[in-house]
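> sequence and predicted structure below; questions after.
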Amino acid sequence: ARGADLWKAFDVPASATRQQTDADATSGVGCVLLSTVMRGWVEQAGFPLVSVQMSPDATAGLTHVRISQRRFLPGAVPGQDDAAAEQRWAIPMVIRYENETGIHEARLLLDAESTTLSLPGQVRWVQPNADAVGYFRVEYDSEGLSQLLTHGVPAMTVSEKLALLSTQSPGCARTVARRR
């Protein structure tokens, strides 16, 4: 028996889909096999660094959120590990955000290098790791971090605040800067 056999034993259709918002989160459309999700988590080193960038589209009444992933490996030296550029995870995400109608959640399975999530309205802030239960680090662009700190902190859970502090710590910031 191999490790992959364990995850295949649990392959039952799940209710997660590639992209869901509050309205369709319970629709049950699509399925994700656990063996597909777990493969990247157990067969490669490091874990994901998820980058988030918001782009308002006032004409369409949407905010586009570009979400991308790359490998985070503390202490890694850029250019010494070409395999890192090819690493991808299937990352289940619950993204909390606020627009003019309140606080909402969207669900996403990020299994590509990047994707764009189109959220309704003018989004004030985005927290891509709701309740800080995802096993990934988050990197915000300067505007997104500013918006989160200015408007989102009062709505964040204690776990989310601790995860934000951890991601912004000097050790993590130095490692991320070296990876660019």
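Received, thanks. Numbering: from 1, shown residues only.

> from now on I want contacts and neighbour counts done on CA atoms only, so please keep to that.
OK.

> wait, P120 touches L62, no?
Yes. Taking contacts as C-alpha atoms under 8 Å, P120 lies within contact range of L62: 4.6 Å.

> dump the residue contacts of I95.
Shown in contact with I95 (C-alpha atoms under 8 Å, 6 or more residues apart in numbering): 105-108, 126-130.

> with adjacent residues omitted, what lies nearest to it?
Among residues not flanking I95 along the chain, P128 sits closest, at 4.2 Å (C-alpha to C-alpha, 6 or more residues apart in numbering).

> where does the protein dip in pLDDT?
Along the chain, segments meeting pLDDT under 70 span 12-32, 75-85, 169-180.

> for it, what spans make up the helices?
With DSSP state H as the criterion, the chain has helices at 3-9, 34-43, 142-147, 158-167, 170-179.

> so can I have JSON lines of the ones you listed showing mean neighbour count and distance to E100?
Formatted as JSON lines, the helices of the chain follow (neighbours: other C-alpha atoms under 10 Å; distance: least, C-alpha to C-alpha, whole Å):
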{"stretch": "helix 3-9", "mean neighbour count": "13", "distance to E100": "41"}
{"stretch": "helix 34-43", "mean neighbour count": "16", "distance to E100": "34"}
{"stretch": "helix 142-147", "mean neighbour count": "15", "distance to E100": "14"}
{"stretch": "helix 158-167", "mean neighbour count": "16", "distance to E100": "22"}
{"stretch": "helix 170-179", "mean neighbour count": "15", "distance to E100": "32"}
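
> now those helices in CSV, with distance to F72?
Shown next, in CSV, are the helices of the chain (distance: least, C-alpha to C-alpha, whole Å):
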stretch, distance to F72
helix 3-9, 23
helix 34-43, 13
helix 142-147, 19
helix 158-167, 11
helix 170-179, 7
